[in-house]
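A.B. asks: Kindly generate the corresponding structure for this input.
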Amino acid sequence: MPERIEDYGLIGDCSTAALVSRRGSIDWLCWPRFDGGACFAALLGSPDHGRWLIGPADEQARSTRRYRPDTLILETEFSTPDGVARLTDFMPLNHGTSSIIRLVTGLSGRLALRTELVLRFDYGSLVPWVSRLEDGTLRAISGPDMALLRTTVALRGERLKTVGDFTVAAGQTIAFELTYCESHRSPPAAIDALAALGATETFWREWTGRCADLGEWNAAARRSLITLKALTYRPTGGIVAAPTTSLPERLGGVRNWDYRICWVRDATFALYALILGGYLDEARAWRHWLIRALAGTPAQLQIMYGLGGERRLTEFELPWLPGYERSAPVRVGNAAHAQFQLDVWGEMLDATYAATRAGLAPDADDWRVINTLMQHLESVWTEPDEGIWEVRGPRRHFTHSKVMAWVAADRMVKMSEAAGREAPTGRWRALRAAIHEDVCRRGFDPARNAFVQSYGAHELDASLLMIPLVGFLPAEDPRVRGTVAAIERELLVDGFVQRYPTESGVDGLPPGEGLFLACSFWLVDNLVLLGRRDEARRLYDRLLALRNDVGLLAEQYDPRARRQLGNFPQALSHIALVNSACNLSQAGRPARLRADGG
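C.D. replies: Numbering: from 1, shown residues only. The predicted structure follows:
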């Protein structure tokens, strides 16, 4: 039985990432980038598909863990009647390569431990050739990939694994270093593990020290911002949705997607979270990534891109991996990248507007890009699309998509007026009014006193909670109140929000999934705007309680099994946590700021 999704901690170097279990096993690792071939894929298969365990020989040992305050350095403490030891896991930055450092430090007595390294490339399918260099370094090569393992522990080969048994005494520290590099290059120099630990701690503490005071829930928000920073690809500024692929939205099901990709949709949410946290450099880098990715023919706008802005994200399956708890297929790439989703125009322009208000105004060339994209939107906004949830069924006129088309027109009007730029502002005002009338007439069901998922439909959709958050209608509008009330009646399960009734068949997939955490945070924001602050606080505190012991959230939650589901950790869940913390602490100011444009 694999570890639960929430039993993992995250380490990373803002270039790649790994998941470490409570028992000291790294079961998921992607090298050299989030979207590159995984070196360890035990999380989606078995230990034979790659893992790196360092843990007590006594399987009954107890473990506790934490992050060092304000860092991404993970500490796991193992204890037995014979002794106590601490395992410190981190990935140093600024070394030019991606490395994992694992330090075993004896705290009391003597503790017997075991290490087992199963190196596999290409998602667990390729066994590398392992040899020993003159200095004792183990080198594993498979085609273009090479990994180097350095340690003073005596290691031996055993059934295509590298294993070692050792004992750590109180006051003693034993270091392990695993480094990735391209196989045609000379092995890089060894890293001074203790010096790297100090430098890594300094980096994270200095970064976190720049964080603004986010109010009552400051600690939770700061931990989420650290997670968001870890999911940022430093060379380009892109923010990956999650560092994993195919962790299921339903255990044993087929709703398994690759999230090691940058979604345009997340741009606005991420920008607000970064700006609220005071991280304008990261917001600027993310905005620049967005403009570069979108540059080109407007008709070729995509909803998601690779970490460098890559467009080709072809989806394929890995049949040799059975999937997390037999949730198959395991997918690489994402076919939804080719979908037409109208809301991305609104997300992109709202992100640009948010950046402009924070002092990150687009330059003349950026303005030409977004102007051209807006002109294309004018000709396509009346078309049906696949919608925010990327349904794999027929296209529809999704209400949320049309609302976001209105956002695009609204933000373009406001930006052109504020900057005094030459633009067809009058035409965009007319478009804004036309879209607003269309949504209110065709997306609202008077009999239910609620907006519905798509024109002519009866189903509700949690994305409708965005209506007051983007300023389409004020929260006090009876139609908004009616929609929130309907969602509370029909989409709440154990007090949390599901995206939509999957039994309706709208998404072309078998029914059943967890509750979408970001949607529950959107309900918190709506309750704040409606003046229902006590209810908002209770829901927010319940959402915080779903985090694992080191403050991480996946995409979804199963209230029956009481387990996290979906890819992990999920950027959008942590972004929503930050934004809701600010809305609660500042009486809804961030949400009103976005909605009112001031």
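A.B. asks: what about this protein, any weak spots by pLDDT?
C.D. replies: Along the chain, the model assigns pLDDT under 70 to residues 1, 32-36, 504-508, 587-590, 592-593, 595-598.
A.B. asks: try it again with 80
C.D. replies: Residues of the chain meeting the criterion pLDDT under 80: 1-2, 31-37, 94-96, 267-268, 295-296, 392, 419-422, 503-511, 587-598.
A.B. asks: For it, list the residue farthest from the centre, please.
C.D. replies: Most distant residue from the mean C-alpha position of the chain: Glu134, 41.5 Å away (CA atoms, centre = their mean).
A.B. asks: Helix, strand, or coil at that residue?
C.D. replies: Following DSSP: H, G, I helix; E, B strand; the rest coil, we place Glu134 in the coil state.
A.B. asks: so who does it touch?
C.D. replies: Going by CB atoms under 8 Å, 6 or more residues apart in numbering, Glu134 touches no other residue. For glycine as for every other residue, the C-beta is placed from the backbone atoms N, C-alpha and C.
A.B. asks: His184 versus that one, what's the distance?
C.D. replies: 19 Å (CB to CB, to the nearest Å).
A.B. asks: what about the residue farthest from the centre of the chain, distance to Pro187?
C.D. replies: 11 Å.
A.B. asks: what's the overlap in contacts for the two?
C.D. replies: Counting by CB under 8 Å, 6+ apart, nothing touches both Glu134 and Pro187.
A.B. asks: In contact with Ile26, which residues are there?
C.D. replies: Contacts of Ile26 (CB under 8 Å, 6+ apart): Ala18, Leu19, Val20, Phe40, Arg51, Trp52, Leu53, Asp89, Ile100.
A.B. asks: so what's it closest to, chain neighbours aside?
C.D. replies: The shortest distance from Ile26 to any non-neighbouring residue, by CB to CB, 6 or more residues apart in numbering, is to Trp52 (4.4 Å).
A.B. asks: Mind listing the residues bridging to the one you found?
C.D. replies: Trp52 has the following beta-bridge partners by DSSP bridges: Ile26, Leu117.
A.B. asks: Check Phe90 too.
C.D. replies: Ile101.
A.B. asks: Equivalent analysis for Asp558, please.
C.D. replies: Arg563.
A.B. asks: just checking, it touches Leu546?
C.D. replies: No - if you go by CB atoms under 8 Å, Asp558 and Leu546 don't touch, sitting 10.5 Å apart.
A.B. asks: what do these two both touch?
C.D. replies: Jointly contacting Asp558 and Leu546 under the rule CB under 8 Å, 6+ apart are Gln564.
A.B. asks: gap between the closest residue to Pro478 other than its chain neighbours and Tyr180?
C.D. replies: Nearest non-adjacent residue to Pro478, counting by CB to CB, 6+ apart: Asn449, 7.3 Å away. Per CB to CB, Asn449 is found 57 Å from Tyr180.
A.B. asks: Count the neighbours of the residue nearest to Leu149 when sequence neighbours are not counted for me.
C.D. replies: Sequence neighbours aside, Leu138 is the residue nearest to Leu149 in space, at 4.2 Å (criterion: CB to CB, 6+ apart). By the measure other CB atoms under 10 Å, the count of residues near Leu138 is 19.
A.B. asks: coming back round to it: and Asn449 and Tyr180? Which one has more around it.
C.D. replies: Tyr180 (22 against 14).
A.B. asks: Validate this expectation: the more buried one resides in a strand.
C.D. replies: Yes - according to three-state DSSP, Tyr180 belongs to a strand.
A.B. asks: Spell out which residues sit in contact with it, please.
C.D. replies: Thr16, Trp31, Pro32, Cys39, Thr97, Ser98, Ser99, Asp145, Met146, Ala147.
A.B. asks: and with 10 Å instead?
C.D. replies: Listed by CB atoms under 10 Å, 6 or more residues apart in numbering, the contact set of Tyr180 reads 16, 29-32, 36, 39, 97-100, 121, 140, 145-148, 188.
A.B. asks: Got a ChimeraX select line for the buried ones in those?
C.D. replies: The ChimeraX command for the buried members of the contacts of Tyr180 (criterion: 16 or more other CB atoms under 10 Å) is given here:
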select :16,29,30,31,32,36,39,97,98,99,100,121,140,145,146,147,148
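A.B. asks: Narrow the contacts of Tyr180 to those in helices?
C.D. replies: If you go by DSSP state H, the contacts of Tyr180 have nothing in helices.
A.B. asks: ranges for the strands of the stretch 301-450 of the chain?
C.D. replies: 304-305, 316-317, 331-332, 444-445, 450-451 (DSSP state E, counting those that start in this stretch).
A.B. asks: Out of these, flag the one nearest Gly393.
C.D. replies: When those are compared by CB to CB, strand 331-332 sits nearest Gly393, at 18.1 Å.
A.B. asks: Could you check stretch 357-376 and say which residues are buried?
C.D. replies: Residues of stretch 357-376 classed as buried: Arg357, Ala358, Leu360, Pro362, Asp366, Trp367, Val369, Ile370, Asn371, Leu373, Met374 (neighbour count, 16+ other CB under 10 Å).
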